[in-house]
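mind folding the following:
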Amino acid sequence: MSSGDRFSVDDPFSPRPPKKSSGGGWFFGIGGCIVAAVALPTLLVCGCCGGLVQWAMNERAKEIVAAVEKDETFREEIGKVSSSSINWSASMAAGDDVFVYDVTGDKGSGQLYVHEPGDDVESIDLHKGSKEWALEFDAESLSDWGNDPQVMSAIEGDPTIEKMLGTISKCEMNLTASMGEDDPNIFVYDVEGDKGSGQVLIEFNDDEDIVSAKLKKDGQEIDLKVDGEN
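Next up, the predicted model:
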């Protein structure tokens, strides 16, 4: 699969990293990467998982920017963002439960200090030079950042999904399972609904269109009807 422009800041959701020919070493999911970044900073400089952690946290940077972009101070001091990325050294220096992201816009550059003591973001502060501001942010947009809207849209109307899983509330890529697939164009998603849970195997072509999907549940693999143009 071609990565194309999927990793540009203009893309609000970049759910899939480039796949490797072998899954050896890429064993964390996105949430696991964030936990690993807190608990095991040495992973950032080793070859086993550092690339995946970097990818996951830069994806988080985009979500953080999207959550604060309507704040008046952010618009005045940073403007339209052209780049955003995790700053590991600043994050480690900031203390527990704080992640620092570098942001650059058409009006200036600064850093976003994100206080995330648990599952939810508690506060986001903008640091620019010697000045600091507490920003308003869209907390709801940060609560479901792992869901892939393209995959959700493609499978949620399938009769098998509706019968066996019901209304989907979670659709998150499982990197461990995805890296274990022999075909580099197949990604595995953990899916939960109000009737049950399972895994969905999604095949993408080089244009990142969905070309096929299967539901794995209770030892069965069932072909799904999906719209590849989603």
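
where in this protein is pLDDT low?
Counting by pLDDT under 70, the chain has low-confidence residues at 1-53, 118-119, 143-146, 227-230.

where along it do the strands fall?
Using DSSP state E, the strands assigned to the chain run over residues 81-86, 98-105, 109-115, 123-128, 131-135, 168-173, 186-193, 197-204, 210-217, 220-223.

now these as CSV including distance to A66 and mean neighbour count?
For every residue, glycine as well, the C-beta is placed using N, CA and C. As requested, these are exported to CSV (distance: least, CB to CB, whole Å; neighbours: other CB atoms under 10 Å):
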stretch, distance to A66, mean neighbour count
strand 81-86, 9, 18
strand 98-105, 12, 21
strand 109-115, 12, 20
strand 123-128, 12, 18
strand 131-135, 12, 14
strand 168-173, 18, 19
strand 186-193, 22, 21
strand 197-204, 24, 20
strand 210-217, 24, 18
strand 220-223, 35, 12
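
can you put the ones you listed in CSV and add distance to Q150?
Formatted as CSV, these follow (distance: least, CB to CB, whole Å):
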stretch, distance to Q150
strand 81-86, 22
strand 98-105, 25
strand 109-115, 26
strand 123-128, 27
strand 131-135, 29
strand 168-173, 9
strand 186-193, 11
strand 197-204, 9
strand 210-217, 7
strand 220-223, 19
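
tell me which of those sits nearest to R75.
strand 98-105 (8.8 Å; CB to CB).

elements contacting the closest one?
Strand 98-105 makes packing contacts with helix 50-68, strand 81-86, helix 88-94, strand 109-115 when contacts are defined by 3 or more CB pairs under 8 Å, 6 or more residues apart in numbering; DSSP states H and E.

residue farthest from the centroid of this structure?
S130 (31.1 Å; CA atoms, centre = their mean).

now it: how far from G79?
Using CB to CB, to the nearest Å, one obtains 20 Å as the distance from S130 to G79.

go on, D207?
Note on D207: its distance to G79, by CB to CB, is 32 Å.

more crowded one of the two?
G79 (15 against 10; other CB atoms under 10 Å).

torsion angles phi and psi at that one?
Note on G79: its backbone torsions stand at phi 80, psi -150 [degrees, to the nearest 10].

want to throw the helices and strands packed on strand 98-105 into a markdown table with distance to D183?
Listed next are the helices and strands packed on strand 98-105 as a markdown table, based on distance: least, CB to CB, whole Å:
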| stretch | distance to D183 |
| --- | --- |
| helix 50-68 | 19 |
| strand 81-86 | 30 |
| helix 88-94 | 33 |
| strand 109-115 | 36 |
